[in-house]
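**Q** Need a 3D model of the following:
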Amino acid sequence: MDFLNNSNPADLIVLIIWGAIFLTFIVKLFQSICLVPTKSAYVIERLGKYHKTLDAGFHALLPFIDRVAYIQDLKEETIDVPPQECFSKDEVNVEVDGVIYISVTEPIKSSYGIVDYRFAAMQLAQTTTRSVIGTLDLDRTFEERDLISAKVVDVLDKAGEAWGIRVHRYEIKNITPPQTVRLAMEMQVNAERERRAIMAKSEGDKQSVINRSEGIKRETINISEGEKQRRINAAEGKASEILSLAKATAESIKKVANVIDQEGGQKALEMQLSEQYLKQMEGLSKENRKVILPANLLDYQQWMNSMGLANTNKNKV
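**A** Residues are numbered from 1 along each chain as shown. As a prediction, this is how the structure comes out:
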């Protein structure tokens, strides 16, 4: 305090000036130390002219000569494209918005090639979207989102070469038609849905009728096949029966013939025929039929003649 009180005003002013110069030097010295974070780039100017680009890490600059002119973020970033009105090929006004994904690849160009690359990319995306939608009908704009995105990315990539940026992709968030068009589209969708439901129901009915007719057809075939097999089996059984009866009759006749040829066979045959003759007379009397009878019922030879069997028996004998 005594020093300040005893000092001249001029000395105090000089002291203050040197103190300010010292403080300024200290501040500039600290500012000349740069710690660049990862995925960042510092553009350095020396005496107002581009000098170099600093990558991530520790760097020291020359005080009062070098300065950090631009700080560029190298990470991928998103830029919202605000909604805009576009006219489709069939003159329908729609509102379109989207989002751009870009990143800085050359910090020098992004710093000196354009004033604001973000704003420029957004404006170029809007104009390109309008031009692409103008070549499409309204119905196709909802189906060709990939085509619109590819066109915008292609245009932005060509422009980004001069701006030092890279456009990774462009996505359309919403395509909003007017209220009247939306109502018409909803009616069209509902009509298409109803048409598909009717078609599905008719296809189901058609398939059901086909299935039923196929079932009836198979049932009829099965019944006819069964009836055919039944008749074949019956015919085969009848044929077997007739064949068996014929064989049995033939065997019986053969045995009778053998018996007749033996001694006493003729009388045994006449006795059996007489028995059959009496049984036949009994049956005729029960039926009350008119028959011609011989005068002597026991006259077997006369009955044989009336029946036309006499000659037969003589031939057999």
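
**Q** Quick one: mean pLDDT over stretch 155-163.
**A** Average pLDDT, stretch 155-163: 88.

**Q** Report the distance from that stretch to the chain centre.
**A** When distances are taken as Cα atoms, centre = their mean, to the nearest Å, stretch 155-163 is centred 41 Å away from the chain's centroid.

**Q** can I get the CA coordinates of that stretch in CSV?
**A** Coordinates of each C-alpha in stretch 155-163 appear next as CSV, following Å, rounded to 0.1, in the frame of the first residue of the first chain:
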residue,chain,number,x,y,z
VAL,A,155,-28.4,-36.0,-55.6
LEU,A,156,-27.1,-35.1,-52.1
ASP,A,157,-24.0,-37.4,-52.6
LYS,A,158,-23.0,-35.5,-55.7
ALA,A,159,-23.4,-32.2,-54.0
GLY,A,160,-21.7,-33.5,-50.8
GLU,A,161,-18.5,-34.1,-52.6
ALA,A,162,-17.9,-30.3,-52.8
TRP,A,163,-19.2,-29.8,-49.3
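
**Q** buried stuff in that stretch?
**A** Within stretch 155-163, the residues scored as buried using 16 or more other Cβ atoms under 10 Å are Val155, Leu156, Ala159, Gly160, Trp163. All C-beta spots, glycine's among them, are computed from the backbone N, C-alpha and C.

**Q** Columns distance to Val36 on top of the residues you listed, output as CSV?
**A** Formatted as CSV, the buried residues of stretch 155-163 follow (distance: Cβ to Cβ, whole Å):
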residue, distance to Val36
Val155, 33
Leu156, 28
Ala159, 28
Gly160, 23
Trp163, 22
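
**Q** Tell me, how many residues neighbour the closest residue to Glu171 other than its chain neighbours?
**A** In this structure, Glu171 finds its nearest non-sequential neighbour in Val99, 5.4 Å apart by Cβ to Cβ, 6 or more residues apart in numbering. By other Cβ atoms under 10 Å, the residues close to Val99 number 15.

**Q** In this model Val167 seems to touch Val99, though I could be wrong.
**A** No - in this structure, Val99 is not within contact of Val167 by Cβ atoms under 8 Å, at 11.5 Å.

**Q** What are the contacting residues of the helix or strand where Cys86 lies?
**A** In this structure, Cys86 sits in strand 77-87 according to DSSP states H and E. Outside strand 77-87, the residues within contact range by Cβ atoms under 8 Å, 6 or more residues apart in numbering are 93-103, 118, 121-122, 125-126, 129-130, 133-134, 174, 176.
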